[in-house]
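Asks: Turn this into a model:
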Amino acid sequence: MNKVITMDEAFKYITPDKKFLIGGFLGLGGPNLIIEEMIKKSMHDLHIVTADTAFSNKGIGKLIANKMCSKLQVTHIGTNECTVSQVINNEIDVEFVAQGTFIRRIRCGGSGIGGFLTKVGIGTLMEEGKEKIAVDGEEYLLEKPIRGDVTIIGAHTVDKAGNVLLKGAEKNYNIAMAMASDVVIVEATNIVECGEIDMESIHIPFIYVDYIVQGEKENGQ
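Replies: From the prediction side, this is the model:
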């Protein structure tokens with residue numbers, strides 16, 4: 001099955017009413033061409049789940065700089081002055097999640113698990129609004145799963161069936177996010193024929209990938 005679609009076809013699923021899990025870390029492993037298209041289409045009031053907001057001129061940071069996001073679940077924002085400014089001015093609704101908790105919540109969402117217990121956040125602002133559960137006399141916070149409507153990630157190489165090879169820092173969050181949405185779209189630097197990726201090099205199996213779009217190629221084309 002060939003899962004490669006055009007950018008226009010991808011935007012049948014990428015619509016403002018969706019909750020998006022967007023992969024990458026500091027701009028690496030992100031779906032940069034899709035993000036550029038979101039900006040061109042002037043999509044606003046977006047709910048985005050992402051590890052960080054990169055930089056104001058790079059990747060997902062551009063969505064923030066253009067004030068296209070109204071709700072954000074994120075682990076940190078310190079590298080993007082636009083995000084910091086919007087938080088200070090109450091222009092964006094932000095839920096900060098500790099990085100370890102963030103990835104585990106996404107894994108729960110992808111595995112059908114109702115949540116997990118952790119001591120992280122006990123006695124801090126992070127416990128506000130969360131259920132506490134006692135186990136053997138110790139208090140824990142119940143952290144509930146994170147799922148999205150659409151996951152969008154970037155990848156080095158994808159075959160036409162949807163098997164994904166990630167390179168370097170692309171592995172950060174992208175694997176877990178690919179399991180945790182109803183629709184998964186991968187923006188690939190390289191699209192190859194089935195069988196061209198060694199089975200032992202596959203980081204995300206085809207079963208998790210719904211669609212593939214061509215990203216910017218390594219030679220900049």
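Asks: Quick one: name whatever helix or strand follows the longest helix seen in the chain.
Replies: Secondary structure of the chain per DSSP state H: the longest helix is helix 99-111. Once helix 99-111 ends, the next helix or strand along the chain (criterion: DSSP states H and E) is strand 116-118.
Asks: How far off centre is that following strand?
Replies: The chain centroid and the centroid of strand 116-118 are separated by 22 Å under C-alpha atoms, centre = their mean, to the nearest Å.
Asks: Next: stretch 119-136.
Replies: For stretch 119-136 - counting by C-alpha atoms, centre = their mean - the centre lies 25 Å from the chain centre.
Asks: Tell me which residues of stretch 116-129 come out buried.
Replies: The neighbour-count check on stretch 116-129 (16 or more other C-beta atoms under 10 Å) flags F116, T118, V120, G121, M126 as buried. Every residue, glycine included, has its C-beta placed from N, CA and C.
Asks: which of the residues you listed lies closest to A178?
Replies: The shortest approach to A178 among those belongs to F116, at 19.8 Å (C-beta to C-beta).
Asks: residues contacting that closest one?
Replies: R104, R105, C108, L142, E143 (C-beta atoms under 8 Å, 6 or more residues apart in numbering).
Asks: Ok, G162 next?
Replies: Per C-beta under 8 Å, 6+ apart, neighbours of G162: K3, V186, I204, P205, F206, I207, Y208, V209, D210, I212.
Asks: Kindly indicate which of these lies nearest T53.
Replies: Scanning the contacts of G162 for proximity to T53, where the rule is C-beta to C-beta, the winner is V186, at 21.1 Å.
Asks: bridging residues for that closest one?
Replies: Note on V186: beta-bridge partners by DSSP bridges are I153, I212.
Asks: Any figure for the gap between it and M126?
Replies: 32 Å (C-beta to C-beta, to the nearest Å).
Asks: ok so, going back, how far is the longest helix of the chain from where the chain is centred?
Replies: 11 Å.
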